[in-house]
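Peer 1: Got a predicted structure here, sequence first:
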Amino acid sequence: MIRELHVMNRDHELLQSLSQKVRLFSQRQVAEEFWNGALPNARRRLKQLAGNDLLSRITVHARSIPVLESPLASWRPGDSVPNFGQVAYRCQDRWRHRPVRSCTAWLATEKAAQLYGGVRRGKLKNPVQATHDLGVAAVWLRLRQVAPQWAAAWRGEDLLAHTRVAEKLPDAFIVDPQEQVAWVIEFGGGYDTDRVKAFHEDCAQRNLPYQMW
């Protein structure tokens, strides 16, 4: 029988993040962000949260995420058009010497999503996109460090998918106090020139500022 778990503030932050902000974290991301790099302590607590049906542990095949310090491109209406080829080169070049490997990751369960008002989880919708999803998580973690107000105003694509029916869906939106989109956030992954250009043109057509990481 599972003993009742006393959920700490750090647990609340983690569970809320996985329910509302991102689809998953790697075990390493969790340890670095929420346990100051103490992997054994993080692993122990994650196991307890999973034992209480709040987290789900999965194994994914993904590339290690490069350090993300700032956007590869940042654009607002009225700015000059970015150099799409240059942005695409930086997107692709960062994956050199980063092979696909097995990785332990954690997701919020349906129970956690119900408790924290997020999207139903428990399994990864598109496992082949694990690298991309971990990259999106890395962007959110970076914003949590350098722009916490943006991290708080972050709305993941799953939360706002219903607002973009038959339209391109970015990875996340930064919303204002009225819940109107202020910025669009996209993790560029290994995008080629055409994909970078298509993303820019979609945002420009909708008059939306964006950051591509």
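Peer 2: Received, thanks.
Peer 1: Low-confidence stretches in the protein?
Peer 2: Filtered on pLDDT under 70, the chain yields the residue ranges 1-4, 120-122, 160-167.
Peer 1: can you do 80?
Peer 2: Across the chain, residues meeting the criterion (pLDDT under 80) sit at 1-5, 119-123, 159-168.
Peer 1: what are the ranges of the helices in it?
Peer 2: 9-16, 27-34, 39-51, 84-93, 110-116, 130-146, 148-153, 157-160, 193-205 (DSSP state H).
Peer 1: Quick one: closest of these to Val100.
Peer 2: Closest of the helices of the chain to Val100 is helix 130-146, at 7.6 Å (criterion: Cβ to Cβ). From N, CA and C alone the C-beta is placed, and that goes for glycine too.
Peer 1: Show me what that closest one packs onto, helices and strands only.
Peer 2: For helix 130-146, the packing partners by 3 or more Cβ pairs under 8 Å, 6 or more residues apart in numbering; DSSP states H and E come out as strand 25-26, helix 27-34, strand 55-62, strand 101-108, helix 148-153, strand 154-156, strand 172-175.
Peer 1: rerun at 6 Å
Peer 2: Secondary-structure packing of helix 130-146 (3 or more Cβ pairs under 6 Å, 6 or more residues apart in numbering; DSSP states H and E): strand 55-62, helix 148-153.
Peer 1: picking up where we left off before, make TSV from the helices of the chain and add mean neighbour count and distance to Ser74 to it.
Peer 2: Converted to TSV, the helices of the chain look like this (neighbours: other Cβ atoms under 10 Å; distance: least, Cβ to Cβ, whole Å):
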stretch	mean neighbour count	distance to Ser74
helix 9-16	16	27
helix 27-34	20	23
helix 39-51	16	32
helix 84-93	16	11
helix 110-116	18	30
helix 130-146	21	13
helix 148-153	14	12
helix 157-160	17	19
helix 193-205	16	11
